[in-house]
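Peer 1: quick one, fold the following:
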Amino acid sequence: MYSVLPAVVSAVFLGYGLYVLAVKGLTRVSASFFLLCFTTFFWQGTWAVLFQVRDPHWADVLTRFGYLLILFLPTTLYHFLVELSDHDEDHRWVYLSYAVASVLGFFDVGSNLFVAGHYDYFWGPYPKAGPLHPLHVLQTVLVVNRGLYITWREQQVASHDRRMRLRICVASLLIYFFAAVDYLCNYGFEFYPPGVVFVAISLGLIVVAVTRYSLMDPLTVAATVAHEMRTPLASIRMQAEALAQWMPELRRGYELALAHGLMEPAAHAPDPGQMSAASHAIAHQVDRSNAVIDMVLASSRMERIDTSEFAPCRMDQCVREAVDTYPFKGKDRELVHVQVESDFEFRGSQALMVYVLFNLLKNSVYAISARGEGEIFITVRRNELVFMDTGPGIPPGVLQRIFDPFYTTKKAQGAGIGLSFCRRVLQAFGGGITCASVIEEHTTFTLTLPSTLN
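Peer 2: Okay, the predicted model is just below:
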């Protein structure tokens, strides 16, 4: 009877951990959540078996075996909170906590210093704390409190939706932490360990955060893939630069071979200027690809824009860079017309503003392509930028939702993060973005920013 609840909870935790991995994909957040689920499964599953054992020898074996992963449980909880709050600075402490748990695991297996036998309680055997067990309790208090602290700090500066997700997680894992009351049973207090109840309630709140508030959204996968693309792109750029460096020598060797009759002239001799231009074009395309990767990474972190490095920026420079570096196809570049009536300076990030313009260009080019005609007009005037395309326009029902996170009408290729990202960037700059549209006439975005020259 006493084994039923821990057995059910252990199975549910393992099942849900596998479900999150399957549905959300393998990310740092989902992987750390699975570790938390797996250690919880191991903990409750072992105790479900232990409570049925009556042989003293096997009871001692199971108590040591059960604690092998229980030692890592507080660290996996801390690890999950670090990944959830995107607090990379704490990774070193996470690794240190795993190392401490490993050392304690060594003592658990090889001595009586961590687990000194077992108690025989009314519900069955239970581990007896050894001299080193208080170190595990102290570690639990330190790492879990640190994890809850950084998550609470993160939710204070997060957007509304993310704040709700983080608050649910803080509440859930705070309840999970109450399962530590079971430690009292390790020190001779005889009461049926209620930690399994707190664990079950905690999982219920996590389920709400995942299913209703899009916790561990697969967008992180796109950001991870984009980040990993940097290494091969850097290699391609380096090889293109090496090719451009050695091209004059290769050309000189070719000409010397012709002059000394060592080879016949080719029917279509390569033009050195074209070959050099091709090398530079490869490097330029790599730079463009990296710019798109930057946009993906910035979009995936759109709720955590760092304002500490904001500096004065010129809007004209932002527009020129965006138009010059955007990867247009075919003659799409000819559709864009830029007019600077009055340039202005704002405080923000030129890179982020370029990514905003990338998003607007991408949407307009897509809309014009779908319609088969249209043009794009970008006008810079005092304290605002007007971005208008003469594409098909946006229906009223769609227009009122275009800035909602993850809302998209491009089901085959859209993630619904672009315009939400644009609004968040403009708000971080102290400004805003609005949209007006007339079907079959135009769509106009107006970006307003406080000028630093006022």
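
Peer 1: the stretch 201-350 of the chain: strands as residue ranges?
Peer 2: Taking DSSP state E, counting those that start in this stretch as the criterion, the stretch 201-350 of the chain carries its strands at 311-314, 336-340, 345-348.

Peer 1: which elements pack onto the last one?
Peer 2: Same thing as strand 345-348. Packing partners of strand 345-348 (3 or more C-beta pairs under 8 Å, 6 or more residues apart in numbering; DSSP states H and E): strand 311-314. Every residue, glycine included, has its C-beta placed from N, CA and C.

Peer 1: contact partners of the strand it packs on?
Peer 2: By C-beta atoms under 8 Å, 6 or more residues apart in numbering, the residues outside strand 311-314 that reach it are D343, F344, E345, F346, R347, G348, S349, Q350, M353, T452.

Peer 1: give me the nearest residue to the last one, chain neighbours excluded.
Peer 2: When the adjacent residues along the chain are set aside, T452 lies closest to E345, with 4.8 Å between them (C-beta to C-beta, 6 or more residues apart in numbering).

Peer 1: for the one you found, which residues make a bridge with it?
Peer 2: With DSSP bridges as the criterion, E345 is bridged to R314.

Peer 1: neighbours around it, how many?
Peer 2: Neighbourhood size, E345 [other C-beta atoms under 10 Å]: 16.

Peer 1: that one reaches S451, doesn't it?
Peer 2: Yes. Here E345 reaches S451: they are 6.1 Å apart, a contact under C-beta atoms under 8 Å.

Peer 1: coming back round to it: residue contacts, the residue nearest to T452?
Peer 2: Counting by C-beta under 8 Å, 6+ apart, E345 has contacts P312, C313, R314, M315, S451, T452, L453.

Peer 1: so how do I select the buried members of those in PyMOL?
Peer 2: Selection command for PyMOL covering only the buried members of the contacts of E345, criterion 16 or more other C-beta atoms under 10 Å:
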select buried, resi 313+315+451
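
Peer 1: now, which of the contacts of E345 sits nearest H118?
Peer 2: C313 (66.5 Å; C-beta to C-beta).

Peer 1: show me which of the contacts of strand 311-314 is closest to A257.
Peer 2: Nearest to A257 among those, counting by C-beta to C-beta, is Q350 at 48.5 Å.

Peer 1: give me the nearest residue to the closest one, chain neighbours excluded.
Peer 2: Leaving aside its chain neighbours, Q350 sits nearest to C313 (4.6 Å; criterion: C-beta to C-beta, 6+ apart).

Peer 1: next one: that neighbour, what pLDDT does it get?
Peer 2: The score at C313 is 92. That number is its pLDDT.

Peer 1: can you check L335 too?
Peer 2: L335 carries a pLDDT value of 92.

Peer 1: equivalent analysis for the one 3 residues further on, please.
Peer 2: Looking at V338, its pLDDT reads 95.
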